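Participant: Quick one, fold the following:
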Amino acid sequence: MGGLISQGREAQWRPCRLEARPMREAAEWMEPYRKQWERRLDRLDDYLEQTSKKPRGARGKGKP
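Facilitator: Take a look at the predicted model:
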């Protein structure tokens, strides 16, 4: 599991535990990608907002 989760064995139980250091390392590695996708999605949101504000007649050229 990439060292993110450790699993033990106690009789019929299989307790799992999240490992903090590998989780932190994974989060740090993903951070630049998260910021990049947030910027891209913000730009997409702006674009969709602008295109949805077009006047009604502008969408169907030649139609009343």
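Participant: okay, CA-based contacts and neighbour counts for the rest of this
Facilitator: Fine.
Participant: List of residues touching stretch 14-26?
Facilitator: 3-9 (C-alpha atoms under 8 Å, 6 or more residues apart in numbering).
Participant: show me where this structure has helices.
Facilitator: 20-52, 56-59 (DSSP state H).
Participant: any idea which of those helices is most buried?
Facilitator: helix 20-52 (a mean of 12; mean count of other C-alpha atoms under 10 Å).
Participant: roughly how far is that one from the heart of the chain?
Facilitator: 6 Å (C-alpha atoms, centre = their mean, to the nearest Å).
Participant: Could you identify which of the helices of the chain has the lowest mean pLDDT?
Facilitator: For these, mean pLDDT drops lowest on helix 56-59, to a mean of 59.
Participant: Dump the helices of the chain to TSV, plus distance to R14.
Facilitator: Compiled in TSV, those are given as follows (distance: least, C-alpha to C-alpha, whole Å):
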stretch	distance to R14
helix 20-52	19
helix 56-59	60
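Participant: And T51, how far from A20?
Facilitator: Per C-alpha to C-alpha, to the nearest Å, T51 is found 44 Å from A20.
Participant: before we move on, what about D45?
Facilitator: 34 Å.
Participant: ok, now E28?
Facilitator: Counting by C-alpha to C-alpha, the gap from E28 to A20 is 12 Å.
Participant: can you check A27 too?
Facilitator: 10 Å.
Participant: Equivalent analysis for A26, please.
Facilitator: 10 Å.
Participant: Also R40?
Facilitator: Between R40 and A20 the computed distance is 29 Å (C-alpha to C-alpha).
Participant: quick one: K35 and E25, what's the gap?
Facilitator: Relative to E25, K35 is positioned 16 Å away (C-alpha to C-alpha).
Participant: Then Y33?
Facilitator: Distance, Y33 to E25, by C-alpha to C-alpha: 14 Å.
Participant: Same question for A11.
Facilitator: Going from A11 to E25 by C-alpha to C-alpha gives 32 Å.
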